[in-house]
Structure formats: C-alpha cells, structure tokens
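Enquirer: Sharing a model prediction with you, sequence too.
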Amino acid sequence: MRAASIVRRILAWTIAVLAAVLVLAAGLVTAVNAGYGHALLVRAVAAHVDRPVQVNGILQTHLFSRHPQIVAEGVTIGNPPWMPAGRAAEIGRVSMVLELPGFSHRGGILALEVEAATLYLARDAAGHANWQLTYPPHTQANKRAPIVRTLVVPNAHVILNDALRHLQFNGTVSVQGPDGSAAPQPLRIEGGGQLNGRAASFELTADPLATASHDHPYHFTFAEHSSGSRIEGRGLLPEPFAYDVVDATFEAVGPDLKDLYFLTGIHLIDTGDYRLTGRVSRRGKQTVFSELFAKSGQSDMRGMVAIDSTNVRRKLDIDLSSQLLRLSDLGIRAAGRTTEPKSPLLLSNAMLSLTMLRTRDAQVRFRAHQLEAGRLTIQAVSARATIDHGLVTVAPLSAQILGGRISAHLKLDAGPQIPTAKIDVRVSDLQLGQLPHKDPDHPPIEGPMQVQVALTGTGSSLHEVAASANGTVTTQLPHGSLRDSFAELTGLDLRGLGLLLTKNKREVPIRCAVAKFRAHDGTLVVQSLVADTEPVLITGEGEIHLDSESLDLAIRGRPKRLRLFRLRAPITVRGTLAHPSLGVETSKSAFEVVDSGGAKDADCPALLAEAGFEGSWVPASR
C-alpha cells in the first residue's frame, strides 16, 4: 500500500508539472503573438545561428497556429566568429511560414520570402565562409535539414568575394515564386552583374521544391555567360540537400579558353575558338573533373583533374593526354588578342605563376602523341611532374624528335624570392637529315647528333633562366655527311664558289664534329668547335649571349688539299638564335692564289672523349 501511495503521488506531481508547462508555453506564445518578448526571441535566434542578429523594424509572430508565421523588417545579420567582423546580410523584409511535424510528415518551412536584400558573401583562401552555419572544421552536412517548399527572393543585391575559388561577383540574383497554377513549379534562379570584372549572367532551373524529398536525388540544369564564353550543364544532388555532394556534366564554348576565368575563377591558357566538355563530382572538399575533352583549332586535350582542398595547401592530381597539340593553337596570337609583331626571342619569356607554385602541391602526368612546334614535329611526348611546397620537379620528360630521343630532368625551386632552376637535357641520335629544308630528298647535312645540356639559372621564365645560366652545352656528330659546296665555302675558295653556283649536291663525309660551350652568367663561350670533313677541317670560336639571344661566332675552314684563289678570312655568324645571318670578316682577310692545303685530319676519338661521348666514333668511309 505504501508503494502504491508513492506511485500515485509521483503521477500526480508529473501531471501537475506538465500542465504548468503547457500553461506557461501557451502564455509565452500568446505574449509573443501580442508583441512581448521579441528581444528574447531575437537573442535566442542569434545564439542558435552563432552570429549577431538585429531587427530594427517591426517583428510580427503568429506562433500559436498549425502554420506558425514570422515577419521581420530591417533585419541585419553579422558575420560568424570564424570570419572578420562585418555584415553578412541586410534584409528589408523577411517572411517565413513554418509547418509543424505531424504523424505522417516531417516539419519544415512552407514558404520563405526575402525582399530588399543585400547579401555580403565572403570566403577566405582557407575555405572559411560567412554563409557556413557552423565552424568549418566541425561542419557536417545535415542530410535531413528542413526543405523550403516555396522560396521567393526578388532582385537581391549580392556581393561575393571568394578567395578560395577566385570569384568576385557584384550583381543581382532573383528566385522566382510560383505563378499561381496548381501544378508544382520548377525552382528558377537568375542573376546578372559583374563576375571577375566582366559582365556575366547565369540561370539555374531545378526540380520543384514542393515535391522535393531527402529520399530522392534533386536534379538541376544551369547556364552561365560571360565574355563570349558559355557554360551549360545538368546535374543532381545525390543526397538532397547536402550541397557538398554534387554530380554534374558540362559543356563550355567560346572564342578563348582563358575567358573561363571570368566564369569559374580558374586560370587557363589563351586559345582560339574552343569547346570543352566533361563531368564534375564533388564530395566535400574533394572535386574531380573527369572525362575532360577540349578542342581548339587542330589541337585536342583530354584527361582528369582532381582537387583536394582539405588542407590550406590545395593538392592537385592532373592526368592529361593529347593526340595532336599545336603550339600555334595556343597563346594570345591564337586568340587574336595582339597586333604586336612576333617576339624576336626564341626562348619563351612567359612568366610562371609563383603564387600558385608556392601555395599548391600537385602530381602531373602528360602525354602527347604528336606535338607541333613551328616546322618541327615532336612525337611520343611523356612527362611526369610534382610540385611540393614550391619545388617543381619534372622527371622524367621524354620525347622523340627527328628520329632521335630527348630525355630531360628539370627542377625549379620557387621558394626563394628569385626562383632557381636546374636543367639536365640529353638528346641522342637526332637525325640532322630530317631537319625541315627546301629539298627533303637532298638534305645539306646528315648524321646522328648527340646533345648534352647541364645548366643552372635563376628566374621565372625560360628566357630569364637562360639569361643567367651557368654550366655546359655540348653537341657532337660522330659521323655523317655534308654537302661539298658548304664544306668548301668555309674555306672561301674558288672551288666552293663554283660548286655553289652550279648547285652541285655532291656530299662529302663528316669524320666527326664537336661543339662545346661553357656558360657563365648567360653567355655561352666556345671552348671547342671542330667539324672534320673529308676536304676541309672547320674550326670556330666566339660567344652566344642568351640575354639578347645574339650570336657572335667566327668559322674558319682549312683545306686539306691544294686550292686556288682562296680568301683566308673567317665566316661570321651573327644575328640572333631565331634569325642568324652569315657574313665575311674582311678586316681579317688575306688573299692567296695557291693554298697547298696543309690541314690534317682531326683526332676524332680524342675530341669525342674530351666532349664526354666516349666510344661513339665510327670512322667515315671514303
């Protein structure tokens, strides 16, 4: 009996407490509906969203209803604590109608209407944004967040500064409301303004909010336009409405691929008219662009780019390949954006983005079946590169050119204020007879050339590195052939002139040829320049200045047999790497009626060994 009495008392107390709570709740709702306790309500909302909230105008609430409603005017929302102090939104009027949960449905937001709004959206390079509901490292997608069934936002002024994705937007965005018909209306969002400094417009159409469900994917289509470029696509949210999980396909077309920066914030290269297609898949801070295919001119590119933004240093994984890549399809000339004369420099002066190299890490793989650089065709290009805290390593880089093979290892340290570079290039068995010339059936010179380049330098472009280079450049031809008229002309004799005037295409053997340069502060100084042909021993001296790419070389040919009417003078090679010119140094000339021809054969094995090409000499057949 005593136990039963205690139970009855506990039950009675519980009923009394519940009744008191209900009476208090009803009183609070009535008081709020009557306008009392609004300040308390605003403070509660601010505490819940973890950012300052102010209501400077009227605040009307109708909470004691099946569909509670809140109307507020003059609303200001500040930035969250993980962002610098400032405003996130200023709203002239906001109206929200809620739906309370029932036995057969979840609660949610029946309608949300925002008028006269200005949104100040910001995200820093680390990914912290003022539109995030919780501190970013703790953010988790709420896969069951309430769905807004009707959304109306007429002409909201949006100012976006996104340092992570390099996007800046200042314009208007509108969300259209239902047109009054009974059928569910698709969600339509339209916007326009200045995106990354250029006029841009966009539109998005998605499934009706009235029929949206967390249990089914949410589909959408989108289109963006700016600077002649257009992106269109379609996609879905596999887990509505978790916006960090997105799958989509896209197509972009326009006059210049670089213009996509004004739509995406991604820096790309200049091209002519282009078309780009692919798929994008986002999972949190990891984004993968797959099935990429780009076409511009006769060039194509396909592959994959993965971006991991989990840490402050973004990581990129890039895998690209091409069937045909023409350098003339790339650059500002291909885009038609310059009327200036072509640069006289042969070595590119295009500057690397040091900020990108210093703030991102990457793994890059590239392959090209055929690469066309002017009149040269390079085949089977393959390269692997890494970027690790500003240290760029390209190893290996290989290709086939003119029947030979290129193998290179490159390093660039972008950490110092002035980057440092190390270049190691080897070219084996490059067939000189395959060099482009007017008569492909009768090349002026033939043979397998070997090249070794070992240089260090400083700068942010290939030209800057060359202009400060130190090291060695060595080439050798262990055997081959040369047009007889060219060999004789180096000796400036009557026989050579006659062969040239009669267009004689007779060839003579090259026993060996070596050219060795020592580089110091961007100047290549000849250490050894010898070409031993059957009739003439050719030697040379001089310098190549890589800062101006100017040539200052002197070539002398000494006949091995009797020659008549010979001008003993050096042939000069001046001009630039891109446009060399030949001449005769008459101030150092001496005319000889008869030259007995006392030049001897060069010691080819010793020359090649000194140049570092031991064991490569093959005696030329006479």
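Expert: Perfect, I can see it now. Numbers count the residues shown, from 1 in each chain.
Enquirer: going forward, measure contacts between C-alpha atoms and count neighbours the same way
Expert: OK.
Enquirer: Any chance you could list what contacts the helix or strand that contains residue 110?
Expert: In this assignment (DSSP states H and E), residue 110 forms part of strand 108-123. Counting by C-alpha atoms under 8 Å, 6 or more residues apart in numbering, the neighbours of strand 108-123 from elsewhere in the structure are 87-101, 129-131, 146-164.
Enquirer: Repeat the analysis, applying 6 Å as the threshold.
Expert: Outside of strand 108-123, the residues that reach it under the criterion C-alpha atoms under 6 Å, 6 or more residues apart in numbering are 88-99, 129-130, 146-153, 156-163.
Enquirer: Distance check, the closest residue in space to residue 133 that isn't next to it in sequence against residue 243.
Expert: Nearest residue to residue 133 in three dimensions, chain neighbours excluded: residue 49, at 6.6 Å (C-alpha to C-alpha, 6 or more residues apart in numbering). Plainly put, residue 49 is 19 Å away from residue 243 if you go by C-alpha to C-alpha, to the nearest Å.
Enquirer: Then residue 211?
Expert: As judged by C-alpha to C-alpha, residue 211 and residue 243 stand 18 Å apart.
Enquirer: Over to residue 423?
Expert: In this view, residue 423 and residue 243 are 45 Å apart by C-alpha to C-alpha.
Enquirer: Settle it for me: which of these two has more neighbours?
Expert: Per other C-alpha atoms under 10 Å, whichever of residue 423 and residue 243 has more neighbours is residue 423, with 19 against 16.
Enquirer: for the more buried one, helix, strand, or coil?
Expert: Assigned state for residue 423: strand (three-state reduction, DSSP: H, G, I helix; E, B strand; the rest coil).
Enquirer: Correct me if wrong: it contacts residue 410.
Expert: Yes: with contacts defined as C-alpha atoms under 6 Å, residue 423 counts as touching residue 410 at a distance of 4.8 Å.
Enquirer: What are the contacting residues of the helix or strand harbouring residue 512?
Expert: Applying DSSP H and E as the criterion places residue 512 in strand 507-520. Outside of strand 507-520, the residues that reach it under the criterion C-alpha under 6 Å, 6+ apart are 470-484, 524-534, 604, 620.
Enquirer: what do you get if the cut-off is 8 Å, keeping everything else the same?
Expert: Strand 507-520 has contacts (C-alpha under 8 Å, 6+ apart) with 455, 468-484, 524-535, 604, 607-608, 611, 617-622.
Enquirer: Which ones among the contacts of strand 108-123 map onto strands?
Expert: Among those, the members falling in strands are 88-99, 151-153, 156-162 (criterion: DSSP state E).
Enquirer: ranges for the helices of the stretch 101-250 of the chain?
Expert: For the stretch 101-250 of the chain, no helices are identified by DSSP state H, counting those that start in this stretch.
Enquirer: What is the burial count for the closest residue to residue 534 other than its chain neighbours?
Expert: Spatial nearest neighbour of residue 534, excluding adjacent residues (C-alpha to C-alpha, 6+ apart): residue 509 at 5.7 Å. Counted with other C-alpha under 10 Å, residues neighbouring residue 509 total 22.
Enquirer: Could you measure from residue 509 over to residue 428?
Expert: According to C-alpha to C-alpha, residue 509 and residue 428 sit 20 Å apart.
Enquirer: Residue 397 too?
Expert: Taking C-alpha to C-alpha as the measure, residue 397 and residue 428 are separated by 14 Å.
Enquirer: State the helix or strand in which residue 529 lies.
Expert: With elements delineated by DSSP H and E, residue 529 resides in strand 523-533, which encompasses its position.
Enquirer: would you put the C-alpha positions of whatever helix or strand comes next after that strand in CSV?
Expert: Tracing the chain past strand 523-533, the next element assigned as helix or strand by DSSP H and E is strand 536-545. Provided in CSV are the C-alpha atoms of strand 536-545 (Å, rounded to 0.1, in the frame of the first residue of the first chain):
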residue,chain,number,x,y,z
VAL,A,536,88.1,20.7,-95.1
LEU,A,537,88.9,21.0,-91.4
ILE,A,538,86.4,23.5,-89.9
THR,A,539,87.0,25.3,-86.6
GLY,A,540,85.3,28.1,-84.8
GLU,A,541,85.3,30.5,-81.8
GLY,A,542,83.0,33.1,-80.3
GLU,A,543,80.1,33.6,-78.0
ILE,A,544,76.3,33.4,-77.7
HIS,A,545,74.6,35.9,-75.4
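Enquirer: as a whole number, average confidence for strand 536-545?
Expert: Predicted confidence along strand 536-545 averages 93 (mean pLDDT).
Enquirer: Show me what it is packed up against.
Expert: For strand 536-545, the helices and strands in contact under the criterion 3 or more C-alpha pairs under 8 Å, 6 or more residues apart in numbering; DSSP states H and E are helix 484-489, strand 523-533, strand 550-559.
Enquirer: Distance to residue 258 for these - can I get that in a markdown table?
Expert: Listed next are the helices and strands packed on strand 536-545 as a markdown table, based on distance: least, C-alpha to C-alpha, whole Å:
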| stretch | distance to residue 258 |
| --- | --- |
| helix 484-489 | 47 |
| strand 523-533 | 36 |
| strand 550-559 | 33 |
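Enquirer: Please identify the most buried of those.
Expert: helix 484-489 (a mean of 23; mean count of other C-alpha atoms under 10 Å).
Enquirer: Quick one: distance of it to the chain centre.
Expert: Taking C-alpha atoms, centre = their mean, to the nearest Å, one finds helix 484-489 lying 49 Å from the centre of the chain it belongs to.
Enquirer: same deal with stretch 239-253?
Expert: 21 Å.
Enquirer: residues touching residue 194, list them.
Expert: With contacts defined as C-alpha under 8 Å, 6+ apart, residue 194 is in contact with 168, 169, 170, 171, 200.
Enquirer: count of residues packed around the closest residue to residue 170 other than its chain neighbours?
Expert: Using C-alpha to C-alpha, 6+ apart and skipping residues adjacent in sequence, the residue nearest residue 170 is residue 159, 4.6 Å away. Other residues near residue 159 number 21, with proximity taken as other C-alpha under 10 Å.
Enquirer: again with residue 351
Expert: 12.
Enquirer: With residue 193 instead?
Expert: Neighbours of residue 193 under the rule other C-alpha under 10 Å: 20.
Enquirer: can you check residue 272 too?
Expert: For residue 272, which is what you asked about, the neighbour count (other C-alpha under 10 Å) is 23.
Enquirer: Repeat that for residue 373.
Expert: Using other C-alpha under 10 Å, residue 373 is surrounded by 12 other residues.
Enquirer: how close does the nearest residue to it once chain neighbours are set aside sit to residue 134?
Expert: Excluding the flanking residues, the one nearest residue 373 by C-alpha to C-alpha, 6+ apart is residue 327, at 5.6 Å. In this view, residue 327 and residue 134 are 48 Å apart by C-alpha to C-alpha.
Enquirer: ok, now residue 520?
Expert: When residue 520 is compared with residue 134 (using C-alpha to C-alpha), they lie 58 Å apart.
Enquirer: on that earlier part again, what sits in contact with each of residue 397 and residue 428?
Expert: The overlap between the contact sets of residue 397 and residue 428 (C-alpha under 8 Å, 6+ apart) consists of residue 406.
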